[in-house]
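*Asks:* give me a model of this one.
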Amino acid sequence: MDKHIAAPVDKETAKSLKAGDYVYISGTIYTARDAAHKRMEETLQSGGALPFDIKGQMIYYMGPSPARAGRPIGSAGPTTASRMDKYTPQLLDLGMGAMIGKGKRSPEVIDAIVRNAAVYFAAVGGAGALLSKCITSSEVIAYDDLGTEAVRRLTVKDFPVIVVVDSEGNNLYETAIREYKEIEGDMS
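*Replies:* Numbering: from 1, shown residues only. From the prediction side, this is the model:
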């Protein structure tokens, strides 16, 4: 089912999304990859504040290529989400509403998604140039020294994603495999 949602995401919206839903996001999202997540964890451990209010926010695991003339950002494809798994449960417990990446998540992350009524979206890997067309503005807001891994605030319009893990823990990667095996079994 196709759904259009606003970012940041509230709990009610997150709970309405189901694994397999096609979703188009409009609003403000943030980018952060490995180095930025490590820096955020260090900041929290030392009693500091995150560079943005995490409540309800979506973090897109992405490090863009340089922007072409007239564009706010370069190619903006997703990063493998499991690289952020050791940092994610804490951010979810602090109120993060959603993540966008590619690939599977650890059981600990899935437990934190359920515990916090959050959602994990996948963006299509290899489609970074197309995804960048949905980004209308990009601004580095923290950790500029990290280059492409700096934290950015993006404004997106109809950014296409698929719900992989919903707030109930349903996992599209697992259900799709089961459904495929059932279909394959029926064809034998």
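*Asks:* next up, phi/psi of Val140, please.
*Replies:* Per-residue torsions, Val140: phi -70, psi 130 (degrees, to the nearest 10).
*Asks:* and it, how many neighbours?
*Replies:* Val140: 13 surrounding residues under other CB atoms under 10 Å. All C-beta spots, glycine's among them, are computed from the backbone N, C-alpha and C.
*Asks:* and what of Ala32?
*Replies:* The number of residues packed around Ala32, counting by other CB under 10 Å, is 30.
*Asks:* then the one 3 residues further on?
*Replies:* By the other CB under 10 Å criterion, the neighbourhood of Ala35 contains 17 residues.
*Asks:* could you do Thr155 as well?
*Replies:* Residues contacting Thr155 under the criterion other CB under 10 Å number 17.
*Asks:* distance check, it against Asp34.
*Replies:* Here the criterion is CB to CB, to the nearest Å. By it, Thr155 lies 24 Å from Asp34.
*Asks:* quick one, phi/psi of the nearest residue to Ser75 once chain neighbours are set aside?
*Replies:* Once flanking residues are discounted, Ser75 sits nearest to Gly128: 3.6 Å by CB to CB, 6 or more residues apart in numbering. For Gly128, the backbone dihedrals are phi -60, psi -40 (criterion: degrees, to the nearest 10).
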